[in-house]
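Trainee: take a look and give me a structure for this.
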Amino acid sequence: MLLTALSVGPAVSARGGRGTRGRILAAAEELFATRGIRGVGIEELIARSGVAKATFYRHFRSKDALILACLQGWGRARTAIAQAVRASGMSGRDALLGLFDALDGLFRQGKAPGALEQVIIEMGPEHPFAKEAARQLDSTLAEIEEIAAEAGLGDPEGVACTLQALICGAVVAAAEGDAEAAAHAKRMASALPSLASEAPPDAVGPAGSLRGRPSGD
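Mentor: Here you go, the predicted structure:
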């Protein structure tokens with residue numbers, strides 16, 4: 001159920017459906033993720049989208065407007081991971097580690113949840129697009145902090161920041177070809193003092209299944 005929700009939810013949120021606007025966004029997401037924002041021109045975006053120039057501009061008045069839509073869509077896709085974990089009924093340590101199982105499922109489907117980190121690196125932290133990417137990441141951070149608070153951890157903000165850093169690192173590593181990026185990040189998260197348990201952590205299940213077990217908390 002969780003994997004199904006993630007398979008459908010982020011794609012719809014990020015691309016606004018499967019119509020013309022969705023095709024333009026899908027093409028832009030792929031190009032921006034692999035080549036960066038600066039490396040892609042408006043003519044290539046139009047050609048890759050397979051739409052007429054007038055149609056393109058009817059949906060997006062400029063390349064900047066398209067970039068902003070991509071960033072916001074990536075942010076929704078990223079936040080949907082935490083929301084889906086919360087909606088699954090998992091709680092405590094299992095819910096926090098479940099973030100990485102869900103992320104692994106997306107990686108294995110070839111649906112990495114956006115290149116927000118790459119935008120910040122490429123554009124520099126003071127650029128408006130980088131600031132928007134950071135705002136989107138902050139929304140995900142808030143969701144993770146709520147899960148940590150619900151788990152009764154003493155420092156939910158600190159735990160959330162650490163897990164967010166591991167998630168961001170996993171997204172970058174996966175983009176560079178590390179098929180086990182989410183599993184590596186999960187092992188590091190499991191070793192955090194606030195999440196550590198005596199029993200070894202569960203491995204990431206196949207295709208991102210969430211193999212929960214009773215919390216040791």
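Trainee: hmm, which helix or strand of this protein has the shakiest average pLDDT?
Mentor: helix 2-15 (a mean of 43; mean pLDDT, DSSP states H and E).
Trainee: identify the residues contacting the nearest residue to residue 175 once chain neighbours are set aside.
Mentor: Once flanking residues are discounted, residue 175 sits nearest to residue 112: 6.4 Å by Cβ to Cβ, 6 or more residues apart in numbering. Placement of C-beta: from N, CA and C, glycine included. Contact analysis of residue 112 by Cβ atoms under 8 Å, 6 or more residues apart in numbering lists 33, 106, 171, 174-175.
Trainee: mind doing that once more with 7 Å?
Mentor: 106, 171, 174-175 (Cβ atoms under 7 Å, 6 or more residues apart in numbering).
Trainee: ok, residue 107 next?
Mentor: Residue 107 touches 174, 181-182, counting by Cβ under 7 Å, 6+ apart.
Trainee: what's the distance between it and residue 182?
Mentor: From residue 107 over to residue 182 the distance is 6 Å, taken as Cβ to Cβ, to the nearest Å.
Trainee: in stretch 112-123, which residues are buried?
Mentor: Buried residues in stretch 112-123, counted by 16 or more other Cβ atoms under 10 Å: 112-120, 122-123.
Trainee: same thing with stretch 38-55?
Mentor: Residues of stretch 38-55 classed as buried: 40, 45-46, 48-49, 51 (neighbour count, 16+ other Cβ under 10 Å).
Trainee: quick one: which two of these are the most distant?
Mentor: 40 and 51 (15.6 Å; Cβ to Cβ).
Trainee: what average pLDDT does stretch 74-93 get?
Mentor: The average pLDDT within stretch 74-93 is 89.
Trainee: now do stretch 97-110
Mentor: On average, the pLDDT along stretch 97-110 is 92.
Trainee: now do it: distance to the chain's middle.
Mentor: Centroid separation for stretch 97-110 versus its chain: 9 Å, with Cα atoms, centre = their mean, to the nearest Å.
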